[in-house]
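Chemist: build me a model:
(chains A and B)
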Amino acid sequence: MIDWWVLALRMVVVVAAFLVLPLLVGQAEHKVMAHMQSRVGPMYAGGFHGWAQLVADGVKFVQKESLVPAAADQSVFRLAPAVALLPYLVVLLVIPIGPGMSSSLFNPTLFFALAVMSVGVLGSLMAGWSSANKFSLLGGLRVAAQLMSYELPLVLAAVSAAMAAGTLSLDGIVLAWTPWWLLWQLPALVVFFVAGLAELQRPPFDMPVADAEIIFGPYTEYSGIRFALFLLAEYAGIVVLAALTTVLFLGGWHGPLPNQLGWLWTLGKTGAVSLLVIWARVAYPRLREDQLQKVAWTGLVPVALAQLAVTTVGVVAT
Amino acid sequence: MSGFGRGLLTGLKVTLRSLTQRSVTAHYPDALPELPPRSRGVIALMEENCTVCMLCARECPAWCIYIDSHKESEPPATPGGRERSRNMLDRFAIDFSLCMYCSICIEVCPFDALHWSPEFEYADIDIRELTHEKDRLQEWMWTVPPPPALDPGAPEPKEVGTAEKATARLLAASADEEEAGA
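Modeler: The predicted structure follows:
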């Protein structure tokens, strides 16, 4: 049956990765975004080029008072950050990072990953609804609208990869991957990446937190450690999206010496996609709410459907 | 849609170029800025040159220069002569919370007692601490840089011409004397 020791070890590794990787992405965002804007970013925390900036931020957030508004729906308000953060931890559990280094708990891991990843968005919705604040509510409803429109192309793009591989298991998809996928699954890759950005509410799809319009959207009333958890959830979401993109479309551990360096390839590709997420944030301004819906329904969904048709033809023909 | 794509490509290109170039950030407290010549940081006072003529205090549009003085009389240089009176500077203070760095006092000083120094790190938490007395103003005198060289092709300052003429006159006079002696 299940080897409990392996499972426990995997849990420890995943929790460690969950604590380290989002911070790395966050620090990379600080520094890369700064240099892309001809700034230098944090320079003091930790002594060398501000490497400990996020540690310092974390210490600051812990010290701050974590307010709960009197009119807020107390229990939902308190629960929301956990709902936003934990799904990403759970998704990391099923990401295969190297050959034979994956969970054998169950087979349809792609289905599991997509289902759990969408739960994270509910945290923002809960926060917006329970804050007793008009801006939070607007932000929460924007989150809901965004979830509705972008979940569809995200799933369709992932289905294309699953169909091409003939399996719902992430390991199976990586095993079936060939460099040809970079070409004939390219539209699906683009759709998955863009829809994933929107799902994470990352710029240029960050209307739910558009600070010029609705302050900070669902997170307006949050402070202290709960606010930090929301920020951590954002970066954890980037890691998960980058890892899923890597596994589904970029061939995961495929590369020279896959048996020894496979995990390094997965991590490297995940890092590269994370950098792309940061780059997209710097390069493009925030879309308007109606433009957001238009991109999803007139751009991504038709492309994803067309890709699905192409994949079907390709799978049936070969 | 083409506008969307082109804007995105431009954005990606611009940010990538900035990423590969050095940032423009001035690392101020770690590295001092390179100030241009004639920077107006703070006004320094050469106390020995001041004759308490009060021109600076009177010309100052912001009325930020405070001067106190008294007269002292010196004994006559020759027996039976008249006593000389002399202005002694007691207080010279500039209130930098009022000063608007217009440089009029420095221009107007006939004896070059006031100079611009590029020092600018004299911020304080109390506005009253910004009134600096003459000892502090004198300290800043040591940070005054030598005047920058003239631009190429600039007309010579008239002092040089005057000095050259005076030297030529002296030389001619001494030559005449030698001729007369010989």
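
Chemist: which SS state does residue A:174 fall under?
Modeler: helix (DSSP: H, G, I helix; E, B strand; the rest coil).

Chemist: check contacts around the nearest residue to residue B:109 once chain neighbours are set aside.
Modeler: Spatial nearest neighbour of residue B:109, chain neighbours left out: residue B:56 (5.7 Å); criterion: CB to CB, 6 or more residues apart in numbering or on different chains. Bear in mind the C-beta positions are built from the backbone N, C-alpha and C, glycine included. Residue B:56 makes contact with B:65, B:67, B:104, B:105, B:106, B:108, B:109, B:114, according to CB atoms under 8 Å, 6 or more residues apart in numbering or on different chains.

Chemist: from residue B:94, how far off is the fifth one?
Modeler: By that I understand residue B:106. 11 Å (CB to CB, to the nearest Å).

Chemist: these two: who's more crowded?
Modeler: Using other CB atoms under 10 Å in any protein chain shown as the criterion, residue B:106 and residue B:94 rank with residue B:94 on top: 28 against 16.

Chemist: beta partners for the more buried one?
Modeler: In this structure, residue B:94 bridges to residue B:65, residue B:132 when assessed by DSSP bridges.

Chemist: where does pLDDT dip in chain B?
Modeler: By pLDDT under 70, the low-scoring segments of chain B are B:1-4, B:181-182.

Chemist: correct me, but residue A:283 touches residue B:15?
Modeler: Yes - contact criterion CB atoms under 8 Å: residue A:283 and residue B:15 qualify, at 5.0 Å.

Chemist: coming back round to it: overlap in contacts of residue B:106 and residue B:94?
Modeler: residue B:43.

Chemist: residues in contact with the spatially most central residue of chain A?
Modeler: Nearest to the mean C-alpha position of chain A, counting by CA atoms, centre = their mean, stands residue A:237 at 2.8 Å. Residues counted as contacts of residue A:237 (CB under 8 Å, 6+ apart) are A:88, A:117, A:120, A:199, A:200, A:202.

Chemist: apply 10 Å and report the result again.
Modeler: Residues counted as contacts of residue A:237 (CB atoms under 10 Å, 6 or more residues apart in numbering or on different chains) are A:22, A:25, A:84-85, A:87-88, A:91, A:117, A:120-121, A:196-197, A:199-202, A:277.

Chemist: for residue B:58, same thing?
Modeler: Shown in contact with residue B:58 (CB under 10 Å, 6+ apart): B:65, B:67, B:105, B:108.

Chemist: thinking again about what came up before, and the residue nearest to residue B:109, that's in a strand?
Modeler: No - using three-state DSSP, the assignment for residue B:56 is helix, not a strand.

Chemist: how far away is it from chain A?
Modeler: Distance from residue B:56 to chain A, counting by CB to the nearest CB, to the nearest Å: 42 Å.

Chemist: for residue B:114, same thing?
Modeler: Distance from residue B:114 to chain A, by CB to the nearest CB: 39 Å.

Chemist: residues from chain B in reach of chain A?
Modeler: By CB under 10 Å from any CB of the partner chain, the part of chain B that sits against chain A consists of B:1, B:4, B:7-27, B:30.

Chemist: now the residue of the stretch 1-150 of chain A at minimum distance from chain B: closest residue in space, sequence neighbours ignored.
Modeler: Closest residue of the stretch 1-150 of chain A to chain B, CB to the nearest CB: residue A:36 (4.0 Å). Excluding the flanking residues, the one nearest residue A:36 by CB to CB, 6+ apart is residue B:15, at 4.0 Å.

Chemist: how about the one you found, what does it touch?
Modeler: A:32-33, A:35-38, A:278-284.

Chemist: do residue A:302 as well
Modeler: So residue A:302 contacts A:153, A:191 (CB under 10 Å, 6+ apart).

Chemist: for the helix or strand containing it, buried residues please.
Modeler: Residue A:302 is located in helix A:301-317, with elements delineated by DSSP states H and E. If you call a residue buried by 16 or more other CB atoms under 10 Å in any protein chain shown, then helix A:301-317 has these buried ones: A:301, A:303, A:304, A:307, A:308, A:310, A:311.
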